[in-house]
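Undergrad: Sequence and predicted structure are below.
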Amino acid sequence: MATRVLRPPARRHVTLDAQLPVDHRLNQVYRVGAGLMGLVLIVFGILGLIDKIGFFDTGGATVAGLNTNGALSVLSICVGLILLAGMVIGGNTASTLNMVLGVLFIASGFVNLALLDTSYNFLAFQLQNVLFSFVVGLLLMFFGMYGRVSGGLPHDNPYWRARHPEQAEREQRLRARGRQGQVGVGWDRP
């Protein structure tokens, strides 16, 4: 009697399209998220530069309730411009950019939390800046992951279709058959 060796199924790599369709409703979420967060950061940065605060000054100058200096203002403007570029590009680029920058904001919050009362706090962070960094990071991650990362994505979602190509193809065939079957059925039949 021959023994049969059971092997686990081969792992498939998920490949997602480089771009969503231009009119896909998820694209709007990614763009709005990147645009809003980018605009907030640019306004914060410009207000910090208008106050003519020293570039690495840690004297406690505030803008909109947040501590700032010239370096943080310039950094905020640069990140805001990157987010606005992501908004213009849209699609998976905006989604991925939102996720990556969201993780970086959260990491920045933790790093700057550790540096609060040290001489290495060259961005003049205070606790309110750390909390702001966490909130912006979570919002960016939410906007970036919306409709892309979930356990219950609808079957018309492009990410679900990319992860389940065989089932998506079967469902498409069934829908096509259903449409063909409805052609001869209706009020015009004797």
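TA: Sure, I can see it.
Undergrad: Closest to the centroid, which residue in the protein?
TA: residue 144 (1.7 Å; Cα atoms, centre = their mean).
Undergrad: pLDDT weak spots in this structure?
TA: Residue ranges of the chain with pLDDT under 70: 1-24, 54-60, 147, 149-155, 157, 159-160, 163, 180-190.
Undergrad: Outline the domain layout of it.
TA: 25-148, 152-179 (automatic domain parsing).
Undergrad: Give the other helices and strands that the longest helix along the chain contacts.
TA: Under DSSP state H, the helix in the chain containing the largest number of residues is helix 25-50. Applying 3 or more Cβ pairs under 8 Å, 6 or more residues apart in numbering; DSSP states H and E, one finds that helix 25-50 makes contact with strand 62-63, helix 70-89, helix 91-114, helix 127-145. To be clear about C-beta, it is placed using only N, CA and C from the backbone, and glycine gets the same treatment.
Undergrad: export the ones you listed to CSV and tack on distance to residue 173?
TA: Shown next, in CSV, are these (distance: least, Cβ to Cβ, whole Å):
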stretch, distance to residue 173
strand 62-63, 58
helix 70-89, 34
helix 91-114, 27
helix 127-145, 31
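Undergrad: Ok, which of the ones you listed comes nearest residue 25?
TA: helix 91-114 (12.2 Å; Cβ to Cβ).
Undergrad: did I read that right, residue 116 in a helix?
TA: No - according to DSSP: H, G, I helix; E, B strand; the rest coil, the state of residue 116 is coil, so it is not within a helix.
Undergrad: Now do the contacts for it.
TA: By Cβ atoms under 8 Å, 6 or more residues apart in numbering, residue 116 lies in contact with 125-127, 130.
Undergrad: now do residue 140
TA: 33-34, 37, 98-99, 101-102, 105.
Undergrad: change it to 7 Å
TA: Counting by Cβ atoms under 7 Å, 6 or more residues apart in numbering, residue 140 touches 33, 37, 98, 101-102, 105.
Undergrad: same deal with residue 139?
TA: Each residue near residue 139 by Cβ under 7 Å, 6+ apart is listed here: residue 37.
Undergrad: any idea how far it is from residue 145?
TA: If you measure residue 139 against residue 145 using Cβ to Cβ, to the nearest Å, the figure is 11 Å.
Undergrad: Equivalent analysis for residue 104, please.
TA: 15 Å.
Undergrad: do the same with residue 31
TA: Separation of residue 31 from residue 145 (Cβ to Cβ): 15 Å.
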